[in-house]
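Colleague: the following comprises the amino acid sequence and a computationally predicted model.
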Amino acid sequence: MIIDKVKKINGEEEKRTKNEVASDRMIGKWVKCDNCKEILYKEELHNNLSVCPNCGKHFRLSARRRISQIADKGTFKEIGENILTKDPLNFEGYLKKVELLKEKTKIEEAVKCGICEIEGEKAVLGVMDGNFLMGSMGSAVGERITLAIETAIEKKLPLIMFCVSGGARMQEGIVSLMQMAKTSSAIAKLNEAGILYISVFTDPTTGGVTASFASLGDIILAEPKALIGFAGPRVIEQTIKQKLPEGFQKSEFLLEHGFIDKIVERKDMKQVLAKLIRLHK
Amino acid sequence: MDGVPVTVIGEQKGKNVKENMERNFGMPEPEGYRKALRLMKQAEKFRRPIITFIDTPGAYPGVGAEERGQGEAIAKNMMEMARLKVPIICIVIGEGSSGGALAIGVGDRVIMMENAVYSILSPEGFASILYKDSSKAKEAAENMKMTAKDLKKFGIIDEIIKEPEDGAQNNFEEIIATIRKYLIKNIKDLKKLSEEELLEKRYMKFRKM
């Protein structure tokens, strides 16, 4: 959780002590870990791959930051960046919201795909971004991912998908739902071509993304303590009218139930991916 | 059917409360999807065309369903259905809602009864997510464009099966004859395609969406 700038006290600035003014300036450079409550210096947290140095909590990452952690420097070449949001339902306010988000997040849609090198190994890399409408999958996201899968088939390159998503994008209705069928069909083709697909669940991945390409990796990895599920915890609680047990739908829970193969800490992720790619060469 | 063995898979809600309970109101658990896949694979082995009847408010959102991989079960079905080497025809007969419908809904032909709906989730769910108020379900249902006519226009479905006035339940014989005729004709057409053509057409059908 980011501590926002405290509100400016108009005209009272001069009455405050030097220390108070200095400490205000520091606010905005600090974040509080919502797991251990430790106050962390933002830059230090970023230098630690956005993992809390105190408790190991993996903070959510933007696609840009994730790519810089995984791809070798300067190797990421984006594909499908011209595929943009569509509004099939003419849903009120949708495109306006998307425009605002684009400005705020500096990305065009909830996934970035491209070809890159990982420790020198060439791969197709797709990274979702939870800052963009919860990483939800509408037609642009589905199309970009399908294009990434088809590129992997065509160029015979391994495919790696980092998933984070609230599920299908409601504002695009049935068209969003069909992206599940489209991406899953493309993965079926990838399998026939014998191409390696590693999928990585990150916090949180639910709904239509869990129920499509995210669950279809040859090898399925997850970051520690990520929320992973089909139905979101709130929906289940409403259905069963009970509180859910601690740790339910977390990475460790899925590992125990045989749905993922390994939980990998962020500091090891790049190395593990490179190793798996080499193993399948 | 018409001398051709077929595999039939259906979601069933039940017609009264007792049947509803027995059928979990048409909300499959992961086992249901895995059973469907097992039998679709069996159909492929014996070269039988597959017909699926879709009628569900969605996959069941429960603790056990999550423990046993509801998401994985749905994903796997779609992936496998995309490559099954036999014709698949899917019919939305009542309510086709969310991944729970799509998990048996990847086919060479997807058709809908005239009064059926097919959507990303129930209008109540949609309203509570986007309008933060589930009582706005009616408004949601209109904006979601979930009728057979809308879906035909979007190119999501291939055909609308006309229903008698006031719904299919009023003239079962007639409606069954109509569906049967459609199935026989389309299975025949699909059987003319080579396996390669069949799969490529199926792929492109969803690829365009």
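Modeller: Happy to help now that I have it.
Colleague: now do the contacts for B:Ile89.
Modeller: Taking C-beta atoms under 8 Å, 6 or more residues apart in numbering or on different chains, we find B:Ile89 in contact with B:49-52, B:107-111, B:183, B:186-187, B:190. Backbone N, C-alpha and C define where each C-beta goes, glycine included.
Colleague: at 10 Å what do you get?
Modeller: Taking C-beta atoms under 10 Å, 6 or more residues apart in numbering or on different chains as the criterion, B:Ile89 is in contact with B:6, B:49-53, B:107-111, B:158, B:179, B:182-183, B:186-187, B:190.
Colleague: among those, which are in helices?
Modeller: Members of these lying in helices (criterion: DSSP state H): B:Ile179, B:Tyr182, B:Leu183, B:Asn186, B:Ile187, B:Leu190.
Colleague: contacts only, for the first one.
Modeller: Taking C-beta under 10 Å, 6+ apart as the contact definition, B:Ile179 lies against B:Ile51, B:Phe53, B:Ile89, B:Ile91, B:Ile93, B:Ile111, B:Met113, B:Ile161, B:Ala168.
Colleague: scan chain B for its longest strand.
Modeller: Secondary structure of chain B per DSSP state E: the longest strand is strand B:88-97.
Colleague: bridged to the spatially most central residue of chain B, which residues?
Modeller: Compute the mean C-alpha point of chain B, and by C-alpha atoms, centre = their mean the closest residue is B:Ile54, 3.3 Å away. On the basis of DSSP bridges, B:Ile54 is bridged to B:Val92.
Colleague: mind checking how far it is from B:Ile104?
Modeller: For B:Ile54, the distance to B:Ile104 (C-beta to C-beta, to the nearest Å) stands at 6 Å.
Colleague: what's the distance between stretch B:85-96 and the middle of its chain?
Modeller: On the basis of C-alpha atoms, centre = their mean, to the nearest Å, stretch B:85-96 sits 5 Å off its chain's mean C-alpha point.
Colleague: pull out the buried positions in it.
Modeller: For stretch B:85-96, the neighbour count (16 or more other C-beta atoms under 10 Å in any protein chain shown) marks B:Val86, B:Pro87, B:Ile88, B:Ile89, B:Cys90, B:Ile91, B:Val92, B:Ile93, B:Gly94, B:Glu95, B:Gly96 as buried.
Colleague: now do the nearest residue to B:Leu121 once chain neighbours are set aside, the pLDDT please.
Modeller: In space, not counting the residues next to it along the chain, B:Leu121 is nearest to B:Ser98; the distance is 4.7 Å by C-beta to C-beta, 6 or more residues apart in numbering or on different chains. Note on B:Ser98: pLDDT of 93.
Colleague: quick one: contacts for B:Ser98?
Modeller: Applying C-beta under 10 Å, 6+ apart to B:Ser98 gives the contacts A:167-168, A:177, A:180, A:207-208, A:211, A:230, B:56-59, B:61, B:74, B:118-122, B:125.
Colleague: of these, which belong to strands?
Modeller: B:Thr56, B:Tyr118, B:Ser119.
Colleague: so what's the first one scoring on pLDDT?
Modeller: Looking at B:Thr56, its pLDDT reads 96.
Colleague: would you agree it is in contact with B:Val117?
Modeller: No - between B:Thr56 and B:Val117 there is no contact under C-beta atoms under 10 Å: 11.4 Å.
Colleague: what do the two both touch?
Modeller: B:Val92, B:Gly94, B:Glu95, B:Gly96, B:Ser97.
Colleague: please enumerate the helices of the chain.
Modeller: I'll assume chain A. A:18-26, A:42-47, A:63-70, A:94-105, A:139-155, A:173-192, A:207-210, A:233-240, A:251-256, A:266-279.
Colleague: please refer instead to chain B.
Modeller: Taking DSSP H as the criterion, chain B carries its helices at B:17-22, B:30-45, B:63-67, B:70-81, B:99-102, B:123-130, B:137-144, B:148-154, B:172-191, B:195-207.
Colleague: would you list these in a markdown table and tack on distance to A:Lys96?
Modeller: Formatted as a markdown table, the helices of chain B follow (distance: least, C-beta to C-beta, whole Å):
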| stretch | distance to A:Lys96 |
| --- | --- |
| helix B:17-22 | 42 |
| helix B:30-45 | 38 |
| helix B:63-67 | 35 |
| helix B:70-81 | 32 |
| helix B:99-102 | 28 |
| helix B:123-130 | 14 |
| helix B:137-144 | 16 |
| helix B:148-154 | 22 |
| helix B:172-191 | 42 |
| helix B:195-207 | 29 |
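Colleague: between those, which gets the lowest average pLDDT?
Modeller: Per-segment mean pLDDT for the helices of chain B reaches its minimum on helix B:123-130, at a mean of 87.
Colleague: looking at it, A:Val31 is touching A:Lys37, isn't it?
Modeller: No - the criterion here is C-beta under 10 Å, and A:Val31 misses it with A:Lys37 at 11.2 Å.
Colleague: picking that back up, neighbour-wise, which of B:Thr56 and B:Val117 wins?
Modeller: Between B:Thr56 and B:Val117, counted using other C-beta atoms under 10 Å in any protein chain shown, the more crowded position is B:Thr56 (28 against 22).
Colleague: tell me, how many residues neighbour A:Lys156?
Modeller: 10.
Colleague: Provide a list of residues in contact with it.
Modeller: Going by C-beta under 10 Å, 6+ apart, A:Lys156 touches A:Lys122, A:Ala193, A:Gly194, A:Ile195.
Colleague: just give the number of residues close to the third one.
Modeller: Same thing as A:Gly194. The number of residues packed near A:Gly194 is 9, by other C-beta under 10 Å.
Colleague: how about the contacts made by it?
Modeller: A:Ile153, A:Lys156, A:His280.
Colleague: also the last one?
Modeller: Contact criterion C-beta under 10 Å, 6+ apart gives A:124, A:149, A:152-159, A:187, A:189, A:218, A:280 as the residues in contact with A:Ile195.
Colleague: run the last query once more with 7 Å
Modeller: Shown in contact with A:Ile195 (C-beta atoms under 7 Å, 6 or more residues apart in numbering or on different chains): A:Ala152, A:Ile153, A:Lys156, A:Pro158, A:Leu159.
Colleague: now, of those, which are buried?
Modeller: Burial by neighbour count, judged by 16+ other C-beta under 10 Å, picks out A:Ala152, A:Ile153, A:Pro158, A:Leu159 from these.
Colleague: out of those residues, the closest to chain B would be?
Modeller: Taking C-beta to the nearest C-beta as the measure, chain B sits nearest to A:Ile153 out of the buried ones among the contacts of A:Ile195, at 11.7 Å.
Colleague: near chain B, which residues of the stretch 1-150 of chain A?
Modeller: Residues of the stretch 1-150 of chain A that fall close to chain B, judged by C-beta under 7 Å from any C-beta of the partner chain: A:Pro88, A:Leu89, A:Phe91, A:Thr146.
Colleague: pLDDT at the first one, what is it?
Modeller: Predicted confidence (pLDDT) at A:Pro88: the value is 95.
Colleague: ok, it touching A:Arg169?
Modeller: No - using C-beta atoms under 7 Å as the test, A:Pro88 is too far from A:Arg169 to be in contact (10.7 Å).
Colleague: which of those two has more neighbours?
Modeller: Comparing A:Pro88 with A:Arg169 by other C-beta under 10 Å, the one with more neighbours is A:Arg169, at 29 against 19.
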